[in-house]
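>>> model this:
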Amino acid sequence: MNYTTAIFLIRSDIRAVKVSYDVHGDGKGVEPFIMFKTADPSVAVGEYVVIPTDTRHGMTVCRVEEVDCEVDYSSKVPVGWLVGVVDRTVYDTILKHEDEAVTKIKSAEKRRMQDELKAKLIADNPDLQMLTAVDITPALGGPAG
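Below is the predicted model:
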């Protein structure tokens, strides 16, 4: 018997989950799924979880691929415990706000560059100033201003 699976026989609330590890970070080097155990009833497929390893400070992140899996009590492969679920809520919120800020900064930067270029063009070519006063909306098919 694999003694790392004995807890499944003793406690019905312990769940077997299988995770994947993306070796290269590109989705092409996914290792075969590895089984872990957890007492967390909320662990779901697609979530990221921390697992114990022999590298990287003894932990790494994997993705849950299957939950409530069948346990092979005769397998010789040890079944470890999940360290926990990665809560990305705060991180994802920060990224969203940063992206919104960058979009606004880019827009303001574009406007500033357009204003500077316009000012330089008019300073070097005063006769272009008259183009800013001409209403070209009717020529573009819109209502006259």
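>>> got a list of what the residue located most distally from the centre of the chain touches?
Distance from the C-alpha centroid of the chain, by C-alpha atoms, centre = their mean, peaks at Asp127 (52.3 Å). The contact partners of Asp127, by C-beta atoms under 8 Å, 6 or more residues apart in numbering, come to none. (Each C-beta comes from the backbone N, C-alpha and C, glycine too.)
>>> Repeat that for Asp72.
For Asp72, the contact set (C-beta under 8 Å, 6+ apart) comprises Asn2, Thr5.
>>> where does it land in three-state SS?
At Asp72, secondary structure determined by DSSP: H, G, I helix; E, B strand; the rest coil is coil.
>>> please renumber so the chain begins at 24
Shifting the count to begin at 24 puts that one at Asp95.
>>> coming back round to it: could you report the separation of the residue farthest from the centre of the chain from Leu144?
Applying C-beta to C-beta, to the nearest Å, the value for Asp150 to Leu144 is 11 Å.
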